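Undergrad: have a look; sequence and predicted model below, questions after that.
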Amino acid sequence: MFDRRVFNFAPGPATLPEEVLKQAAAEMLNWNGLGMGVMEVSHRGKPFMACYEEAIADLRELMNIPDSYAVLFLQGGAIGENAAIPMNLMPLAKNGPKADFIVTGIWTEKSAKEAAKYGQAHIAATSAATGFNSIPDQKDWQLSDDAAYVHICSNETVGGVEFQNVPKVAKPLVADVSSNILSRVWDINDFGVLFGGAQKNIGPAGLSIVVVRKDLLGHAMPITPMVWDWAKQAENDSMLNTPPTYGIYLAGLVFKWLKRQGGVAAMEQQNIAKSNLLYDCIDSSSLFTSKVDKNCRSRMNVTFYLNDESLNDAFVEGAAKLGLMNIKGHKSVGGMRASIYNAMPIAGVKALVEYMKEFERGC
């Protein structure tokens, strides 16, 4: 259909930096002069171990992760970690396994539901009543004294809601950062655990990342499968089983690319510029509207709606013809969603804005 790269606004698996893809393609058959691809070499051999260790080191540098935290490259995605987290952390609760959840969208709903299999998943706050278009004010959170941790999703991809500041809580803060990791500067010390899938801002589907404070290791429930036991994984360099080697390799290339762009602080400025450009277009329009409170609009997943929903199909079809792909909103909420992760160039956002203005002029 196309003889060029399109602008892919998919929420995940998502667009990757073109130069990273070109390097991966060039190395597909012969990586590091070994005469074979990286996915063909032993995960315990020196060449891949060097690749793995460099990726860990680069991620630590990009996120300023201190030695007091372990970095794990695992499988199973954020959905898998929704089970691993309560199994590893709920035993820290005072009066039986329990955790607090701040439910701001579909993903924290899923997290709480999964955690309830292993202990009490207390809903300390929820924005369900407003259609998950906001984040409850922290002063209204009903946090438990006896919870092991507080669980949030830093950015809800479906609703387009993002925490603009890391909440300060007394218990370890556990954050699903699948969709905004490496997009903004964080103080890692504000978190007990960060976790997420790589398929939005880092690499291909299949790799998940867990950054966990080391004092939180070693408390897993007896029922915890070995592959989900973070302490055992940390002791074995995330290699209790064969890790997702190609995903780790590609993540390492993306980390190098991020460093060449100026690191996370530089990417944050680009992401502010991209999201402002798109939100300004929406806010100045009489056809398009955003339902998300302005104080928690996502920089990564911009959700918006056409006031005349009978035009939805025509809008999506017209965008696709121009190579503006995958802008249809999640089936549970409808509307549109433009995912503008780190690898989405500002040229893609400009092209979408120009199309939106042209479409509105034609209505």
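TA: Noted; the coordinates are in hand. Since this is a predicted model, take the numbers as computed values, not measurements.

Undergrad: can I get the longest helix anywhere in the chain in CSV, CA atoms only?
TA: With DSSP state H setting the assignment, residue counts place helix 263-283 as the longest helix in the chain. Presented in CSV, the C-alpha positions along helix 263-283 are these (Å, rounded to 0.1, in the frame of the first residue of the first chain):
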residue,chain,number,x,y,z
GLY,A,263,18.4,11.5,27.3
VAL,A,264,15.0,11.5,29.1
ALA,A,265,15.0,15.2,29.9
ALA,A,266,15.3,16.1,26.2
MET,A,267,12.6,13.6,25.3
GLU,A,268,10.3,15.1,27.9
GLN,A,269,10.6,18.5,26.3
GLN,A,270,9.9,17.0,22.9
ASN,A,271,6.9,15.1,24.3
ILE,A,272,5.5,18.4,25.9
ALA,A,273,5.8,20.1,22.5
LYS,A,274,4.1,17.2,20.6
SER,A,275,1.2,16.9,23.0
ASN,A,276,0.7,20.7,23.3
LEU,A,277,0.5,20.9,19.5
LEU,A,278,-2.2,18.3,19.4
TYR,A,279,-4.2,19.5,22.4
ASP,A,280,-4.1,23.1,21.1
CYS,A,281,-5.6,21.8,17.9
ILE,A,282,-8.4,20.0,19.7
ASP,A,283,-9.1,22.8,22.1
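
Undergrad: strands along the stretch 51-200 of the chain, start to end?
TA: In order along the chain, the stretch 51-200 of the chain carries the following strands (DSSP state E, counting those that start in this stretch): 69-74, 98-103, 120-126, 150-153, 155-156, 161-162, 173-176, 193-197.

Undergrad: could you give the angle of the first one to strand 193-197?
TA: Regarding strand 69-74 and strand 193-197, their directions subtend 20 degrees when assessed with axes from the mean of the first three to the mean of the last three Cα atoms, to 10 degrees.

Undergrad: counting by contacts, list what strand 69-74 packs against.
TA: Under the contact criterion of 3 or more Cβ pairs under 8 Å, 6 or more residues apart in numbering; DSSP states H and E, strand 69-74 touches helix 46-63, strand 208-213, helix 230-235, helix 245-260. Glycine gets a C-beta too; all of them are placed from N, C-alpha and C.

Undergrad: dump those to JSON lines, plus mean neighbour count and mean pLDDT.
TA: Converted to JSON lines, the helices and strands packed on strand 69-74 look like this (neighbours: other Cβ atoms under 10 Å; pLDDT from 0 to 100):
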{"stretch": "helix 46-63", "mean neighbour count": "17", "mean pLDDT": "98"}
{"stretch": "strand 208-213", "mean neighbour count": "23", "mean pLDDT": "98"}
{"stretch": "helix 230-235", "mean neighbour count": "19", "mean pLDDT": "98"}
{"stretch": "helix 245-260", "mean neighbour count": "21", "mean pLDDT": "98"}
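
Undergrad: in the longest helix of the chain, what counts as buried?
TA: By neighbour count on 16 or more other Cβ atoms under 10 Å, the buried set for helix 263-283 is 263-264, 267-268, 270-271, 274-275, 277-279, 281-282.

Undergrad: tell me how far it is from the chain's mean position?
TA: Helix 263-283 has its C-alpha centroid displaced from the chain centroid by 17 Å (Cα atoms, centre = their mean, to the nearest Å).

Undergrad: quick thing: my sequence starts at 252, can you match it?
TA: Will do, 252 is the new start, and the previous item becomes helix 514-534.

Undergrad: nice, that's everything, thank you.
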